[in-house]
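Engineer: Any chance you could fold what I've pasted below:
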Amino acid sequence: MSKRQNDMQTSLREIAEQAKKDKGRRFTNLSKLLTKEYLSENLKLLNKKAAAGIDRVTYWEYQRNQDKNITELLERVKGGKYRARFVRRKHIKKANGKLRPLGIPTIEDKLLQAAVAQILGAIYEADFMTSSYAYRPKRGPKEAVRDLTDNLRRGKYSYVVEADIKGFYDHLDHDWQMKMRDIRVGDGVIFAVKMFETSATLKKLFWV
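Structural biologist: Numbering: from 1, shown residues only. Alright, predicted model coming up:
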């Protein structure tokens with residue numbers, strides 16, 4: 001692990017420890033973590049083979065002018081001028097034959113989203129219940145099945161109910177999401193990055 005990676009992980013661990021220690025703490029000044037070095041490390045973590053967004057810029061094209069691109073991105077973010085681009089829509093077939101709309105952000109938006117998600121994850125991970133497995137580091141369907149199987153063998157549960165909420169993300173109350181977010185985070189620059197709010201409100205503006 002490089003020194004930059006180590007420094008980044010150390011900062012995130014410190015935030016996570018503070019969040020766990022003080023459940024009522026509201027974090028501010030998080031934008032100081034959005035540095036050129038931090039975004040450069042996050043760029044390495046993106047899927048290099050992923051489809052390009054609406055601007056048709058691939059990972060390798062963005063990486064070719066990495067220093068310039070990231071510097072300009074940070075200037076827009078911290079200057080309050082950053083706006084997420086429209087999301088390119090692609091439809092993929094589901095097992096039942098129906099089509100699922102897939103949103104493909106630009107590489108730049110993916111980069112910023114990943115960087116901000118890591119910071120927020122360090123804070124909110126402390127608030128999750130142990131029974132929650134979705135979209136968490138080192139947790140997922142495999143771990144959920146493993147733990148459920150173990151509990152069934154031990155006789156903790158006698159039956160299993162499988163349910164699926166139709167169009168869950170389409171019907172989330174995003175106003176309440178923002179209110180819940182603000183309980184723990186009070187950094188104006190972080191949320192001037194309209195990444196999550198913008199992607200939620202552009203449902204009818206996707207480009208096909």
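Engineer: and residue 81, how far is that from residue 16?
Structural biologist: 30 Å (C-beta to C-beta, to the nearest Å). All C-beta atoms are positioned from the backbone trio N, CA, C, and that covers glycine.
Engineer: Tell me which of these two has more neighbours.
Structural biologist: residue 16 (16 against 9; other C-beta atoms under 10 Å).
Engineer: what number of residues lie near the residue lying closest to residue 139 once chain neighbours are set aside?
Structural biologist: Spatial nearest neighbour of residue 139, chain neighbours left out: residue 133 (4.7 Å); criterion: C-beta to C-beta, 6 or more residues apart in numbering. Using other C-beta under 10 Å, residue 133 has 17 neighbouring residues.
Engineer: And the residue of the chain most remote from its centre, what's its pLDDT?
Structural biologist: Here the chain reaches farthest from its C-alpha mean at residue 155, the gap being 36.1 Å by C-alpha atoms, centre = their mean. Looking at residue 155, its pLDDT is 87.
Engineer: same thing with the one 3 residues further on?
Structural biologist: The predicted local distance difference test score for residue 158 is 81.
Engineer: try residue 202
Structural biologist: 47.
Engineer: ditto for residue 179
Structural biologist: With respect to pLDDT, residue 179 scores 81.
Engineer: A helix includes it, no?
Structural biologist: Yes - under the criterion used here (DSSP: H, G, I helix; E, B strand; the rest coil), residue 179 sits inside a helix.
Engineer: To what extent is it buried, counted in neighbours?
Structural biologist: Residues contacting residue 179 under the criterion other C-beta under 10 Å number 10.
Engineer: list the contacts for it?
Structural biologist: Shown in contact with residue 179 (C-beta atoms under 8 Å, 6 or more residues apart in numbering): no residues.
Engineer: one more time with 10 Å
Structural biologist: Residues near residue 179 by C-beta atoms under 10 Å, 6 or more residues apart in numbering: residue 173.
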